[in-house]
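*Asks:* Quick one, fold the following:
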Amino acid sequence: MQTTTASALFSIVPSYVLGRNGDTPPSGRLNIAGIGIGGMGTANMENLCTPLAKRKKGEWPDEHSQNVVALCDVDWAYAKHTFDAYPEAKRFKDYRVMLDEMGDKIDAVMIATPDHTHACIAMEAMRLGIHVYVQKPMAHSVYETRMLTEAAHKYGVITQMGNQGHSREGIRSICEWIWDGAIGDICEVHSWTDRPLWPQGKLRPTETTKIPETLDWDLWLGPAPYRPYNSTYCPWNWRAWVDFGTGALGDMGCHVLDPVFWSLKLKYPTSVQGTYAANMTERWKKIDVSESYPLGSIIHLEYPARESMPAVKIHWYDGGLMPERPKELADGLRMGDANGGTIFVGDKGKIMCSHNGESPQIIPFSKMKAYKRPPKTLRRIKTNHEIEWVNAIKEGRQASSNFDYAGPFTEMVLMGNLCLFKPGEKLQWDGENMKVTNHPDLNKYINPPYREGWKL
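*Replies:* Model (predicted):
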């Protein structure tokens, strides 16, 4: 029986070893596809597989590199550097064609397109049983985010959102210190970012410019309402526009607020209120807030008591706006880092960290030196965020920022943008049912309609 059992165990080969088409990748490597590879997707792909130019001649890239079998981007000129880095990969412009032709040959897909197309692409891949890595934020709307979270369970896939700090040391230390009572009960948190780095608070352009020959503009628009092409939308400034991006909060909230959400065991806020910095000119007064995000914002989220933790208020600042400098921080020391930061305010002290949870410290520093750090109870990750996802697939477990965590977190971030339509008003939020209860007219923004021909 012992011999038979051993033989049976070794004859059951995991799907990642054989690949979805039965071929055997070298050393059990996954067959990876990349969609949206001209911007951040370039770095994601490099973390998954060493580019051709960085490889030693005749050798496989390195022990962590996976097989890149397909690459997809709507603009082949913008993505040329990544296409060239993986010449063995088949090239596509339309992700739907790629999945139709190669779905059974792809184990996992990395998605780094603009926010408004995350959900459609991820959902289609999951339906095929393909594991997904989706750049932050997980989706463009609260509804899309909830649907992706539920679909991950339905289709049994391994998921990861691209908030890299979640796999690093800093966020884990913050959680352990707070759970250890390092600064006592926390009733207030201040988080900020230097974004936007792109122009916001803009009128929709009226002029039409020529579409680049290498860009499929209709595919780039995807489920968003049709509008004529203008270079102010892509390839970079799309984050400013409500139809495509999620503004400064959506761009950086999934980094900056990550240690807050995890350490304080948050889920759905009960209310949100926002105020906005504006260029009070005739131009600004003409801006339709359903078009472009504002120049800067301050957003307040309220959470009820959870487990043994008291109710807490989260304050968000962007566009150059920042919280008051803590008196415990010595002169000459930076608040956070160049991209932002967070200050936890407890009844026994304060913790400050950088924008992604790194370099945490109790302030004043004399308290940090005196603090006896607790045991490291959270698992430490020794690889990059992308390979953490790969390893989770191979080990049959969920990744660090899987959709069960990243889904409710993303919903919290995205619902904060509802303040855009009612500045100064406190919006009462029913998170379970995804509804604003005191301003029902805002609920149309929870699940904006798709353009004809597109569906989730």
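
*Asks:* switch to C-alpha atoms for all contacts and neighbour counts from now on
*Replies:* Noted.

*Asks:* tell me which element A119 is part of?
*Replies:* Secondary-structure assignment from DSSP states H and E places A119 in helix 118-127.

*Asks:* I misspoke; the intended subject was H64.
*Replies:* Using DSSP H and E, no element contains H64; it sits outside every helix and strand.

*Asks:* what does the strand or helix carrying A33 contact?
*Replies:* With secondary structure defined by DSSP H and E, A33 is part of strand 31-35. Residues from elsewhere that reach strand 31-35 (Cα atoms under 8 Å, 6 or more residues apart in numbering): 19, 25, 41, 45, 66-73, 95, 105-113.

*Asks:* Same question for stretch 142-157.
*Replies:* Residues contacting stretch 142-157 (Cα under 8 Å, 6+ apart): 119, 122-123, 126-127, 129-132, 138-139, 158-159, 403-404, 407-408, 410-411, 414-415, 434, 446-447, 456.

*Asks:* Now the buried members of the residues you listed.
*Replies:* Those of the contacts of stretch 142-157 that meet the buried threshold are 119, 122-123, 126, 129-132, 138-139, 158-159, 403-404, 407-408, 410-411, 414-415, 434, 446, by 16 or more other Cα atoms under 10 Å.

*Asks:* In helices, which of those fall?
*Replies:* Among the buried ones among the contacts of stretch 142-157, the residues falling in helices (DSSP state H) are A119, A122, M123, M126, F403, D404, G407, P408, T410, E411, L414, M415.

*Asks:* list the contacts for the fifth one?
*Replies:* Under the criterion of Cα under 8 Å, 6+ apart, the neighbours of F403 are L148, T149, A152, T159, Q160, M161.

*Asks:* Could you export those residues as a markdown table, including distance to M309 and pLDDT?
*Replies:* Shown next, in a markdown table, are these (distance: Cα to Cα, whole Å; pLDDT from 0 to 100):
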| residue | distance to M309 | pLDDT |
| --- | --- | --- |
| L148 | 29 | 98 |
| T149 | 26 | 98 |
| A152 | 30 | 98 |
| T159 | 29 | 98 |
| Q160 | 27 | 98 |
| M161 | 27 | 98 |
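
*Asks:* Just give me the neighbour total for P440.
*Replies:* A count of nearby residues for P440, using other Cα atoms under 10 Å, gives 11.

*Asks:* Now do it against Y303, distance only.
*Replies:* Taking Cα to Cα, to the nearest Å as the measure, P440 falls 21 Å from Y303.

*Asks:* Which parts of the stretch 1-150 of the chain are helices?
*Replies:* Per DSSP state H, counting those that start in this stretch, the stretch 1-150 of the chain carries helices over the ranges 2-11, 15-18, 40-48, 80-85, 95-102, 118-127, 142-155.

*Asks:* can you tell me which of the ones you listed comes nearest to K372?
*Replies:* Among the helices of the stretch 1-150 of the chain, the nearest to K372 by Cα to Cα is helix 40-48 (35.4 Å).

*Asks:* So which bits of that closest one are buried?
*Replies:* For helix 40-48, the neighbour count (16+ other Cα under 10 Å) marks G41, T42, N44, M45, E46, N47, L48 as buried.

*Asks:* CA atoms of that helix as CSV?
*Replies:* C-alpha atoms of helix 40-48 as CSV (Å, rounded to 0.1, in the frame of the first residue of the first chain):
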residue,chain,number,x,y,z
MET,A,40,3.2,50.0,-15.2
GLY,A,41,2.7,46.6,-17.0
THR,A,42,6.3,46.8,-18.1
ALA,A,43,7.6,46.6,-14.6
ASN,A,44,5.0,43.9,-13.7
MET,A,45,6.2,41.7,-16.6
GLU,A,46,9.9,42.3,-15.7
ASN,A,47,9.1,41.0,-12.2
LEU,A,48,7.5,37.9,-13.7
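
*Asks:* Remind me what that helix packs against, helices and strands.
*Replies:* Where contact means 3 or more Cα pairs under 8 Å, 6 or more residues apart in numbering; DSSP states H and E, helix 40-48 is packed against strand 31-35, strand 108-111, helix 385-395.

*Asks:* re the thing from before, pLDDT averaged over the helix holding A119 - what is it?
*Replies:* What helix 118-127 shows for mean pLDDT is 98.

*Asks:* that older thread, how about the helices and strands packed on helix 40-48 in a markdown table, adding mean pLDDT, distance to T209 and mean neighbour count?
*Replies:* Below are the helices and strands packed on helix 40-48 laid out as a markdown table (pLDDT from 0 to 100; distance: least, Cα to Cα, whole Å; neighbours: other Cα atoms under 10 Å):
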| stretch | mean pLDDT | distance to T209 | mean neighbour count |
| --- | --- | --- | --- |
| strand 31-35 | 98 | 26 | 26 |
| strand 108-111 | 98 | 28 | 27 |
| helix 385-395 | 97 | 37 | 21 |
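
*Asks:* Of all these, which one is nearest D430?
*Replies:* So among those, strand 108-111 is nearest, using Cα to Cα, at 29.8 Å.

*Asks:* mind checking how far that closest one is from the chain centre?
*Replies:* 14 Å (Cα atoms, centre = their mean, to the nearest Å).

*Asks:* Domain map for the protein?
*Replies:* Here the domain parsing of the chain from automatic domain parsing is 2-165, 169-376+405-445.

*Asks:* end to end, how far does the last one reach?
*Replies:* Taking Cα to Cα, the span from the opening residue of domain 169-376+405-445 to its closing residue is 36 Å.
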